[in-house]
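K.L.:
Curious how this folds, go ahead:
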Amino acid sequence: MTTIDCVGNEKMQEELTVFLRNEGHSVIHENNLVVIDKKLSKSEIDSFLKQTDRSKHKTTFVDADSYVIAIPVAIKDIGLDSCEFCGYTGYTELIAIHRRSHQAL
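P.N.:
Down below sits the predicted model:
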């Protein structure tokens, strides 16, 4: 079984369902996820993205049987930053304060 999260994009979820059914897969929706009866490869999902002209979307492998389809964005584009010392992530203003904690060590 494979699950695919379309991150709330209902139109893409429906199009993916139709695509997979046309490929011979048994597909159901469960908690906003597309659930396929068999193990699905990343290349099959990428084929869907190519056919539907979604070049900005990327398929991300989550674990053995799960994928996420989304448009990747840099953390700075959503107002976040990360500490280069430890990787802590937060709002840019708070990261400046957080970095000072490393100076105290």
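K.L.:
where do the helices sit along this protein?
P.N.:
For the chain, the helices defined by DSSP state H cover 10-22, 42-51, 92-103.
K.L.:
what is the mean pLDDT for the last one?
P.N.:
Mean pLDDT, taken over the full extent of helix 92-103, equals 88.
K.L.:
For residue 1, see how far away the nearest residue to residue 55 once chain neighbours are set aside is.
P.N.:
Closest residue to residue 55 apart from its sequence neighbours, by C-beta to C-beta, 6 or more residues apart in numbering: residue 49 at 7.5 Å. Using the backbone N, CA and C atoms, a C-beta is placed for each residue, glycine as well. Remark: distance between residue 49 and residue 1 (C-beta to C-beta, to the nearest Å) = 21 Å.
K.L.:
May I have stretch 45-54 as PDB, with CA atoms only?
P.N.:
Listed next in PDB are the C-alpha coordinates belonging to stretch 45-54 (Å, rounded to 0.1, in the frame of the first residue of the first chain):
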ATOM      1  CA  ILE A  45       4.000  10.000  -9.500                       C
ATOM      2  CA  ASP A  46       6.500  12.100 -11.400                       C
ATOM      3  CA  SER A  47       4.800  10.900 -14.600                       C
ATOM      4  CA  PHE A  48       1.500  12.300 -13.300                       C
ATOM      5  CA  LEU A  49       3.100  15.600 -12.500                       C
ATOM      6  CA  LYS A  50       4.600  15.700 -16.000                       C
ATOM      7  CA  GLN A  51       1.400  14.800 -17.700                       C
ATOM      8  CA  THR A  52      -0.600  17.500 -15.800                       C
ATOM      9  CA  ASP A  53       2.100  20.200 -16.400                       C
ATOM     10  CA  ARG A  54       3.000  20.600 -12.700                       C
END
